[in-house]
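**Q** dropping the sequence and predicted coords here.
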Amino acid sequence: MNMSYINEERGKCNTLRYKLFFQKTEGKYISPFHDVPMYADKAQDFFNMVVEVPRWTNAKMEIATKDALNPIKQDVKKGKLRYVANVFPHKGYIWNYGAIPQTWEDPRHTDTETGCCGDNDPIDVCEIGNKVCSTGEVVKVKVLGTLALIDGETDWKVITINVEDPEANAFNSIGDVRWLKPGYLEATVDWFRRYKVPDGKPEKRFAFNGEFKDKDFAINIIKSTNDYWKALVSKKSDGELDCTNTCVSLSPFMCTKEAAQVFVDAVGLSSQVFICRG
């Protein structure tokens, strides 16, 4: 599956009013959380990744799970825009960071592997390819493994590579990352352990003593979070998130193209439109 999406910015970047909406190329607004397919190519176990934070940047951009149509916006803490600190020797996020759509880490489900409940978000992705992606880009990725961050909740971090990366064919397992990018996995653990320390928070903990689980384990986790998402979007489970969508058939939250336009127009800001390839 290869499709294009239109990104529409409302408000100025790095302000409290900034929102990045998604459309299909025919002009229908969609939710990047609910309407972008989880699979980019199911036969090959390639997944879609919605890029929230480009590599080397610091603004904590994220899918707004509690807003109608779930635009990407900058996280806010105590009324101020949130940025992650540069934690030596790292500069900003050290991968392209985002989420796999149509997944949900259910806060009412206790993970049998970690003993903790989900964090109420779509599953997080770290993409390790050479390209610095853009916020709102939809990237086809290959799963390599996963790390389990424990922050009072289970917060999976799936390690992937863009299938269009020139080196993608060489990466097929978490062991390949360890061999071909020496130190990258250790840097990933170090980043997640310490990135909130400058905010006065303690170091983070991990399940499995900070060891990465392999590709098959990671794909099974993704599939389980897709099952929880299906329950969420069909109103069989309640995560107090906004499930408004325009493409999920049989979902009680599905709305018309016209209704979606009303949601976006309610933001009331001038827009800038550009096309991203997925």
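**A** Here it is on my side, so go on.
**Q** show me where the stretch 51-200 of the chain has helices.
**A** Counting by DSSP state H, counting those that start in this stretch, residue ranges of the helices within the stretch 51-200 of the chain are 174-180, 184-194.
**Q** what is the first one packed up against?
**A** Contacts of helix 174-180 with other secondary structure elements, assessed using 3 or more C-beta pairs under 8 Å, 6 or more residues apart in numbering; DSSP states H and E, are made with strand 138-150, helix 184-194. Using the backbone N, CA and C atoms, a C-beta is placed for each residue, glycine as well.
**Q** state the mean pLDDT of it.
**A** On average, the pLDDT along helix 174-180 is 98.
**Q** output that helix as CSV, nothing but the C-alphas.
**A** The C-alpha atoms that make up helix 174-180 are tabulated as CSV, following Å, rounded to 0.1, in the frame of the first residue of the first chain:
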residue,chain,number,x,y,z
ILE,A,174,17.9,-6.2,16.4
GLY,A,175,21.2,-8.0,16.2
ASP,A,176,21.9,-6.3,12.8
VAL,A,177,21.5,-2.9,14.6
ARG,A,178,24.0,-3.9,17.2
TRP,A,179,26.5,-5.1,14.6
LEU,A,180,26.1,-2.4,11.9
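**Q** tell me how far it lies from the chain's centre.
**A** With C-alpha atoms, centre = their mean, to the nearest Å as the basis, helix 174-180 stands 23 Å off its chain's centre.
**Q** again, but for stretch 77-92
**A** Distance of stretch 77-92 from its chain centroid, counting by C-alpha atoms, centre = their mean, is 18 Å.
**Q** spatially nearest residue to the spatially most central residue of the chain, not counting backbone neighbours?
**A** Per C-alpha atoms, centre = their mean, the C-alpha nearest to the average position across the chain is that of residue 99, at 1.4 Å. Sequence neighbours aside, residue 122 is the residue nearest to residue 99 in space, at 4.0 Å (criterion: C-beta to C-beta, 6 or more residues apart in numbering).
**Q** the one you found: what's it in contact with?
**A** For residue 122, the contact set (C-beta atoms under 8 Å, 6 or more residues apart in numbering) comprises 33, 63, 65, 99, 100, 101, 102, 103, 104, 105, 225, 229.
**Q** wait, which of the helices and strands packed on helix 174-180 is closest to residue 263?
**A** With respect to residue 263, and counting by C-beta to C-beta, the nearest of the helices and strands packed on helix 174-180 is strand 138-150 at 20.4 Å.
**Q** strands paired with that closest one, and their directions?
**A** strand 46-53 (antiparallel), strand 154-162 (antiparallel), strand 205-206 (antiparallel), strand 213-214 (antiparallel) (DSSP bridges).
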